[in-house]
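Colleague: For reference, the sequence and a predicted model appear below.
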Amino acid sequence: MTTPESVIRDYWAKSPEPRSDAQKAALIEEIRALLKQEDAAIVAHYYTDPEIQALADETGGCVSDSLEMARFGRDHDASTLLVAGVRFMGETAKILSPEKRILMPTLEATCSLDLGCPAEEFSAFCDQHPDRTVVVYANTSAAVKARADWVITSSIALDVVRYLHERGEKLIWAPDKHLGSYIQNETGADMILWDSACIVHDEFRSKGVEDLKAVHPGAAVLVHPESPDSVVALADVVGSTSQLIAAARDLPNDTLIVATDKAIFYKMQQEAPGKLLIEAPTAGNGATCRSCAHCPWMGMNQLENIRDVLKNGDQEILVDEGVRRKAVQSLGRMLNFNKPVTAA
């Protein structure tokens, strides 16, 4: 039986051998030439390998959270987008830019939140609550987005839910239960939560953060809201990837304990040079090490398969047109949302 874990295991069993500096330089130059040849731009997430983030930056691409990835891909004039991330990000790019060719280094890179919210089951769940507005996180399939009224990312989730709550709307929220719980606590909104979690953030534990704070009493704790409530409660700053990077830059603390995927350190260190960044520990002796603070599917993005897909064009994202037309409406609400201005 094929399982997500077996896909990851099989992928890494055939991963490339370590490269020399000369081999890496030659590989990067080859990719640069292919990007020009294919009229392509790299759109990469903060959780991909630092060398991929650097390449995206250096070639005029984008390194950002999923909201800005969506905007960049939609607005860029390249005819091909190479999305370095996980599958739902490629699907989002295709939904917003159906005329563009959307490639991914591997179509096997998925997301535990996407896997944990099957479209048919979720649609049936929504049918049981027809009076509720359906709000789904970007970490979902195109089919789930098509069933939703709103798609949101963690960077605008609080603002959107607060807006809907003030309008008197009752919500269905999917798929991340921790993010949903955080938003519910912050806004007081009436929300029914789907039961799923991110395998990276779900592994963080308050005991590990408290132990690190004892060793580094002057450290600030930065937490992504996909983490359990007990970890969020210890945070000095709770926010999306882009918000945590901004906090690392702006906080006066010289030491930061960070509870999110450790690949964020590449951009965080650029914004906060000289600060000590410490990974929040995952579940300690009881951890499964499915993640150990790094998404195994994000790790499937490598320079070698970026080169290969640009050469072969064989890892293309396609979305059914009927699904796309429905999903573009909920994604459009996300991209067009402006935070309401409240009078002082």
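Modeller: Perfect, I can see it now.

Colleague: can I assume L277 sits in a strand?
Modeller: Yes - using DSSP: H, G, I helix; E, B strand; the rest coil, the assignment for L277 is a strand.

Colleague: how many neighbours does it have?
Modeller: Close neighbours of L277, defined as other CB atoms under 10 Å, add up to 17. Where you see a C-beta, it was placed from the backbone N, CA and C, and this is true even at glycine.

Colleague: now do P252
Modeller: P252: 6 neighbours (other CB under 10 Å).

Colleague: can I assume it sits in a strand?
Modeller: No - counting by three-state DSSP, one finds P252 to be coil, located in no strand.

Colleague: ranges for the helices of the stretch 1-150 of the chain?
Modeller: 4-13, 21-37, 50-58, 66-75, 87-96, 112-115, 119-127, 142-147 (DSSP state H, counting those that start in this stretch).

Colleague: which residues are contacting the fourth one?
Modeller: Among residues not part of helix 66-75, those counted as contacts by CB atoms under 8 Å, 6 or more residues apart in numbering are 43-45, 62, 64, 81, 83, 85, 89, 92-93, 96-97, 100, 102, 138-139, 153, 155-156, 240, 242, 331, 334-335.

Colleague: Check the fifth one too.
Modeller: Counting contacts by CB under 8 Å, 6+ apart, the residues outside helix 87-96 that touch it are 43, 45, 66, 69-70, 73-74, 81, 83, 100, 102-104, 107, 109-111, 114, 138-142, 145, 317-319, 324, 327-328, 331, 335.

Colleague: And the third one, by the same measure?
Modeller: For helix 50-58, the external contacting residues (CB under 8 Å, 6+ apart) are 24, 28, 31, 42-44, 46, 61-63, 84, 263, 265-267, 301-303, 306.

Colleague: Name only those of those residues that count as buried.
Modeller: 28, 31, 42-44, 46, 61-63, 84, 263, 265-267, 301-303, 306 (16 or more other CB atoms under 10 Å).

Colleague: What segments of the stretch 201-344 of the chain are helices?
Modeller: 206-215, 229-232, 241-250, 265-271, 303-312, 321-336.

Colleague: Nearest to A124, out of the ones you listed?
Modeller: For the helices of the stretch 201-344 of the chain, proximity to A124 was assessed by CB to CB; helix 321-336 is nearest, at 16.8 Å.

Colleague: Which elements pack onto that closest one?
Modeller: If you count contacts as 3 or more CB pairs under 8 Å, 6 or more residues apart in numbering; DSSP states H and E, helix 321-336 packs onto helix 66-75, helix 87-96, helix 142-147, strand 150-152.

Colleague: Report the inter-axis angle for it versus helix 66-75.
Modeller: 110 degrees (axes from the mean of the first three to the mean of the last three CA atoms, to 10 degrees).

Colleague: Quick check: buried residues in helix 321-336?
Modeller: Quick answer for helix 321-336 (16+ other CB under 10 Å): 323-324, 326-328, 330-331, 333-334.

Colleague: do stretch 223-230 as well
Modeller: Within stretch 223-230, the residues that count as buried by 16+ other CB under 10 Å are 223-228.

Colleague: now that stretch: mean pLDDT?
Modeller: Averaged across stretch 223-230, the pLDDT comes to 97.

Colleague: now it, how far from the chain's geometric center?
Modeller: 15 Å (CA atoms, centre = their mean, to the nearest Å).

Colleague: and that stretch, how far apart are its ends?
Modeller: 11 Å (CA to CA, to the nearest Å).

Colleague: outside of it, which residues touch it?
Modeller: 154, 157, 176, 178-179, 181-183, 185, 197-198, 200-202, 204-206, 231-232, 234-235, 237-241, 244, 259-260, 280.

Colleague: which among those residues end up buried?
Modeller: Buried among the contacts of stretch 223-230 (16+ other CB under 10 Å): 154, 157, 176, 178-179, 181-183, 197-198, 200-202, 204-206, 231-232, 234-235, 237-241, 244, 259-260, 280.

Colleague: taking the residues you listed one by one, which sit in strands?
Modeller: The members of the buried ones among the contacts of stretch 223-230 that map onto strands under DSSP state E are 237-238, 259.

Colleague: Quick check, central residue of this protein?
Modeller: Taking CA atoms, centre = their mean, the centroid of the chain lies closest to S66, which sits 5.5 Å from it.

Colleague: Give me the domain ranges for the protein.
Modeller: Domains of the chain are assigned by automatic domain parsing as 4-110+297-320, 113-198, 201-286.

Colleague: Which positions in stretch 204-222 come out as buried?
Modeller: 204-206, 208-209, 212, 216, 219-222.
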